[in-house]
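In: I need the structure of the sequence given here:
(2 chains)
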2 protein chains.
Amino acid sequence: MYLAENFRRIVKLRGMQAEVITIGDEILIGQTVDTNSAWIAEQLNLIGVSIYQITSIADTREHILEALETASKRSDLVILTGGLGPTRDDITKVTLCEFFDTELEMNEEVLAKITDYFERRKKKMLDSNVQQAMLPRGAEVILNVRGTASGMWFEKDSTVFISMPGVPYEMKGLMRDELLNKISQHFDRPAIYHKTILTLGIGESFLVEKVKDWENSLDEANVKIAYLPSPGRVKVRLSAYGDRIEALEKRVEAKAEEFEKLAAEWIYGTNGDLLEEVVGDLLRESSSTLAVAESCTGGMVSHMITSVAGSSDYFKGSIVTYANEVKTGQLGVSEQSLKDHGAVSQPVVEEMAMGVKKALKSDYGLATSGIAGPTGGTPEKPVGTIWIAVATPGGVVSKCLHLGNSRSRNIEVTAFQVLDLLRRELLVAGGS
Amino acid sequence: MYLAENFRRIVKLRGMQAEVITIGDEILIGQTVDTNSAWIAEQLNLIGVSIYQITSIADTREHILEALETASKRSDLVILTGGLGPTRDDITKVTLCEFFDTELEMNEEVLAKITDYFERRKKKMLDSNVQQAMLPRGAEVILNVRGTASGMWFEKDSTVFISMPGVPYEMKGLMRDELLNKISQHFDRPAIYHKTILTLGIGESFLVEKVKDWENSLDEANVKIAYLPSPGRVKVRLSAYGDRIEALEKRVEAKAEEFEKLAAEWIYGTNGDLLEEVVGDLLRESSSTLAVAESCTGGMVSHMITSVAGSSDYFKGSIVTYANEVKTGQLGVSEQSLKDHGAVSQPVVEEMAMGVKKALKSDYGLATSGIAGPTGGTPEKPVGTIWIAVATPGGVVSKCLHLGNSRSRNIEVTAFQVLDLLRRELLVAGGS
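Out: Numbering: from 1, shown residues only, chains lettered A, B, ... in the order given. Sure, this is the predicted structure:
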């Protein structure tokens, strides 16, 4: 029932599909997390190309040939990343020649580009760099202005194969500058419409229970749903497939609107929204400024805020206070509060939020103080006990979180929770 | 030449191998980066199990069946993650029943565990949670103490299949608590020895050129090499496969020692070392404390330092100064320096490093100030112009970086560079 032949027929009925093959031992031995594939998948989905499979394989001739053969049987577009570096562990190019029955030849245009690349950087060009201008005859070369390994476009039978370097910055550049357009023009694609609603502060099971009846109505509307949990958050994705994008959009948006009413309390954004951008926009709209005092999150909240380009418009700075003397010296937390209640307490976290707001002369102040773990807990305050606070122009609010034993997870969940607490205060202040 | 049958024979000669199958549309539409597979691969490699392939597939019956069938033909161990949540987009369990020709039955032990899990958390148990105790008859159940989806161990012909939930924290718990041991005991494994040497501050091509002759000697020693670049860094991995782990270790370590002599200038660690841990250990050894002043890195340096458990032993805190008034107010940077040279300049970054050292009463002070981008550059100081400094008990050192246009890459490379500058100063101070 699940033999490859039958399977292929099922698949081909669905219309155009692509797959991604990532080449490199570093992924198979777990030294590198493959972030390229998710990015490629996201970009292709946006232009209506769905991804059938993502495969990570070894940097060996046999495995590359087998993966190309398998993918070409079922997909219209096969995207390869990796295996094009100047070092000797990379054998992709010669294997591509074998698969496409061609051979390497010097590409003068690419050689000129590489020479120029090194001249502009005032670096010596090496033999291995020159070798990167040797490319398979018959391939359409996609020039890489960010590095020395070229992109390549092959066609065989009715399948298109694209090979790109694995360095994310170079791969993304090639896709954005040229390939996404070229793919759009080459293929007839079915329409896909996705909408993702981002929630925070409610577990997956509880959310599902909350919207059960609504969820049962999705089949009739021909809308698919997926719940995507990550620490402290659940993304809800609605999708529809068909011919006319307008019809799909209408169906999905109608269902999304219903969901947004049911779960309004926990929603902070949609699609690619980042909580730190949502908060940044609210601060900018109200011409307010922000300062942050971090103990257990250790800089994560500031790092999130400042990852947003233009955050200097509203972010004044932060004070990371690991030592208690920094809490008193820089933030004006009272010795008495530290002595009476300990650093992880409501009085101290509120004093931190108010203190950083005052010290950095901002309108809002955030603070975190907790036991991130894995050690440092007591019976009274076990690992995962974390206080967060937001000082506003009118006062201060705070909240205690009871999290688990994972340090990295606790830091992440706390950063999201404190930014969400600020978001809620900004909405109240803005009258929404 | 590359037909599946031949291929399988080549593969089987290599000894035991495993593959990982990740189930879930969220990866194929690019909303989630698959970090589970890299972690699993790393853990399995450590116990001598090599990973042949990592495959991400859709949450559909047909695709799951096809992936199981394909993997079972060539691998001895197949690990599945994902597709076990309580929500309706998860159909893995019923599909496993189909593949193993069995059916779901209520597992009373698991039901009791789930009931207890909810009672301890004082949360209501839902229907969908009860359903998670329905498990395939014949599967060995691996109890999950961190969540409600159980792990499962199946054997069919000579292949072992393991199914686990996709939540990283739960999956890692199952592997660490039980599965890694169980896998070790079940299989005869060939020995693998890896050593990774971590370099910073030299590009891949230049490193390769530097060690060319040494690299040519690797074939004779039967040691494999791979270069793994990431922003600002290159990992060099040496590997050997065989019967006796002692012989492999000796061969690899001898070659690693030669490499370490050739590239000493750029090496900051080996294997799983993190730069923030290396620096932390040096600080602890010399009983020194650290404070950080961050402008363009916006909290990333502090976040890295405080991700290390126990960093409160040496880390006093940091001041993130986005606004110039925070640079003067909190760090004592002079108005005159800001006016004469601008915030992105050698005098200002050095004053920041010395200022934070003084303000937080630490032995060392780090500082970063630059134009992270994507906007904010001038002809004189283009985007990517970044100053870093380290104040030591005896003075201050600084360095100018010329990076590119990617904000996230600039933040990351700068954080690594300033921690490395500190590492070098600590080594000099320690007399190494």
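In: going forward, measure contacts between C-alpha atoms and count neighbours the same way
Out: Will do.
In: who is A:Ile51 paired with across the strands?
Out: Beta-bridge partners for A:Ile51, by DSSP bridges, are A:Ala18.
In: all helices of the stretch 1-150 of chain A, in order?
Out: A:4-13, A:25-28, A:36-46, A:61-74, A:92-99, A:108-120, A:127-131 (DSSP state H, counting those that start in this stretch).
In: show me which positions of stretch A:252-262 end up buried.
Out: For stretch A:252-262, the neighbour count (16 or more other Cα atoms under 10 Å in any protein chain shown) marks A:252-253, A:255-256, A:259 as buried.
In: would you list those residues in CSV and tack on distance to chain B and pLDDT?
Out: Formatted as CSV, the buried residues of stretch A:252-262 follow (distance: Cα to the nearest Cα, whole Å; pLDDT from 0 to 100):
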residue, distance to chain B, pLDDT
A:Val252, 17, 97
A:Glu253, 19, 97
A:Lys255, 17, 98
A:Ala256, 17, 98
A:Phe259, 16, 97
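In: quick one: A:Asn324 from A:Lys339, how far?
Out: 10 Å (Cα to Cα, to the nearest Å).
In: okay, these two: which has more neighbours?
Out: For A:Asn324 versus A:Lys339, neighbours defined as other Cα atoms under 10 Å in any protein chain shown are more numerous around A:Asn324 (17 against 9).
In: could you report the separation of A:Ser312 from B:Thr375?
Out: Taking Cα to Cα, one finds A:Ser312 at 12 Å from B:Thr375.
In: could you check which of the two is surrounded by more residues?
Out: A count of neighbours by other Cα under 10 Å puts A:Ser312 above the other of A:Ser312 and B:Thr375, at 19 against 14.
In: so the more buried one: helix, strand or coil?
Out: helix (DSSP: H, G, I helix; E, B strand; the rest coil).
In: just checking, it touches B:Ala323?
Out: Yes. Between A:Ser312 and B:Ala323 there is a contact under Cα atoms under 8 Å: 7.2 Å.
In: what about stretch A:126-135, start to end distance?
Out: Stretch A:126-135: ends 17 Å apart by Cα to Cα.
In: what's in contact with it?
Out: Taking contacts as Cα atoms under 8 Å, 6 or more residues apart in numbering or on different chains, the residues outside stretch A:126-135 that touch it are A:86-87, A:93, A:103-108, A:110-111, A:114, A:148-150, B:205, B:209.
In: buried subset of these as a PyMOL selection?
Out: The PyMOL command for the buried members of the contacts of stretch A:126-135 (criterion: 16+ other Cα under 10 Å) is given here:
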select buried, (chain A and resi 86+87+93+103+104+110+111+114+148+149+150) or (chain B and resi 205)
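In: run through chain A and note the low-pLDDT ranges.
Out: A:1-15, A:87-89, A:432 (pLDDT under 70).
In: and the residue sitting furthest away from the middle of it, how far from chain B?
Out: The outermost residue of chain A relative to its centre, with distances by Cα atoms, centre = their mean, is A:Gln336 at 43.2 Å. For A:Gln336, the distance to chain B equals 20 Å [Cα to the nearest Cα, to the nearest Å].
In: which other residues reach stretch A:233-252?
Out: Contacts with stretch A:233-252, where a contact means Cα under 8 Å, 6+ apart, come from A:190-204, A:221-229, A:256.
In: so which of the residues you listed belong to strands?
Out: For the contacts of stretch A:233-252, membership in strands holds for A:191-200, A:224-229, with DSSP state E as the criterion.
In: and which of those is nearest to A:Ser288?
Out: Nearest to A:Ser288 among the ones in strands among the contacts of stretch A:233-252 is A:Leu200, at 23.8 Å by Cα to Cα.
In: count the residues that sit near the closest residue to the closest one other than its chain neighbours.
Out: In space, and not counting its chain neighbours, A:Leu200 is closest to A:Arg233: 4.4 Å by Cα to Cα, 6 or more residues apart in numbering or on different chains. Look at A:Arg233: counted by other Cα under 10 Å, it has 20 neighbours.
In: same question, the one 4 residues further on
Out: Using other Cα under 10 Å, A:Arg237 has 22 neighbouring residues.
In: so what pairs up with it in the strands?
Out: A:Thr196, A:Ala226.
In: which residues touch A:Ser75?
Out: Neighbours of A:Ser75 in contact, by Cα under 8 Å, 6+ apart: A:12, A:16-19, A:52, A:159.
In: what do you get for A:Val20?
Out: A:Val20 neighbours (Cα under 8 Å, 6+ apart): A:37, A:51, A:53-55, A:78-81.
In: how about a cut-off of 7 Å?
Out: With contact set as Cα atoms under 7 Å, 6 or more residues apart in numbering or on different chains, A:Val20 has these partners: A:37, A:53-55, A:78-80.
In: nearest to chain B among the ones in strands among the contacts of stretch A:233-252?
Out: Set against chain B, the nearest of these by Cα to the nearest Cα is A:Ala226 (5.8 Å).
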